[in-house]
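Enquirer: For reference, the sequence and a predicted model appear below.
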Amino acid sequence: MQLNDLRPAEGSRKNRKRIGRGNSSGHGTTAGRGTKGQLSRSGGGKGKGFEGGQQPLAMRLPKLPGFINHNRVEYAPVNVARLEALFADGDVVDADALVAKGVIKHNYIPVKVLGDGELTKKLTVKVDKVSASAQAKIEAAGGKVEQAC
């Protein structure tokens, strides 16, 4: 037996119904749609989401959820434990240094230093925002905080 000898089982495949190809085909004239009425017309029938004349669900629901504050500033969070791991004693921590170390992707993203972890190194931190706990830990380690904004 060869691949070209393979055939589907007898009766397992059926030709599709070719409608609207003349009366001799048995499916001509009205093409199986019946006579007259909405469904017999071209483009007839109800659209997707039609609910019998009732206001459709898509129109009953609000367009957008909630309130969006367009003036909100998203800060990239950096914990003091991360600064401890990545920076040496006496280093300056700013956006460019954080990009160089791979902490943030771009230097134009505002950065906020948060107080999770411990800090033993003396660092000069020049970022957009610093939490109160982070500032206390940086200053307790002998460093200083200079906020850009």
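Expert: Alright, I've got the coordinates.

Enquirer: Let me see the mean pLDDT of whichever strand or helix holds L98.
Expert: L98 belongs to helix 95-100 when assigned by DSSP states H and E. Average pLDDT, helix 95-100: 95.

Enquirer: And that helix, what's buried?
Expert: Neighbour counts over helix 95-100 (16 or more other CB atoms under 10 Å) mark 95, 97-99 as buried. (Glycine included, C-beta is placed from N, CA and C.)

Enquirer: Helix or strand next in line after the helix or strand of the chain with the lowest mean pLDDT, which one?
Expert: Counting by mean pLDDT, DSSP states H and E, the chain has its least confident helix or strand at helix 57-60, which shows a mean of 90. Going down the chain from helix 57-60, the next helix or strand is strand 76-79, by DSSP H and E.

Enquirer: what helices or strands is that next one leaning on?
Expert: strand 111-114 (3 or more CB pairs under 8 Å, 6 or more residues apart in numbering; DSSP states H and E).

Enquirer: CA atoms of the strand it packs on as CSV?
Expert: These are the backbone C-alpha positions of strand 111-114, laid out as CSV (Å, rounded to 0.1, in the frame of the first residue of the first chain):
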residue,chain,number,x,y,z
VAL,A,111,11.7,57.2,41.4
LYS,A,112,10.5,56.7,45.0
VAL,A,113,12.8,55.1,47.6
LEU,A,114,10.8,53.0,50.1
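
Enquirer: just checking, V78 touches K112?
Expert: Yes: V78 is within contact range of K112, at 7.2 Å (criterion: CB atoms under 8 Å).

Enquirer: between these two, what contacts are shared?
Expert: Counting by CB atoms under 8 Å, 6 or more residues apart in numbering, the residues touching both V78 and K112 are V127.

Enquirer: The two: which is more packed in?
Expert: V78 (22 against 16; other CB atoms under 10 Å).

Enquirer: Kindly provide the distance from the residue nearest to the more buried one when sequence neighbours are not counted to A88.
Expert: In space, and not counting its chain neighbours, V78 is closest to V113: 5.4 Å by CB to CB, 6 or more residues apart in numbering. Going from V113 to A88 by CB to CB, to the nearest Å gives 17 Å.
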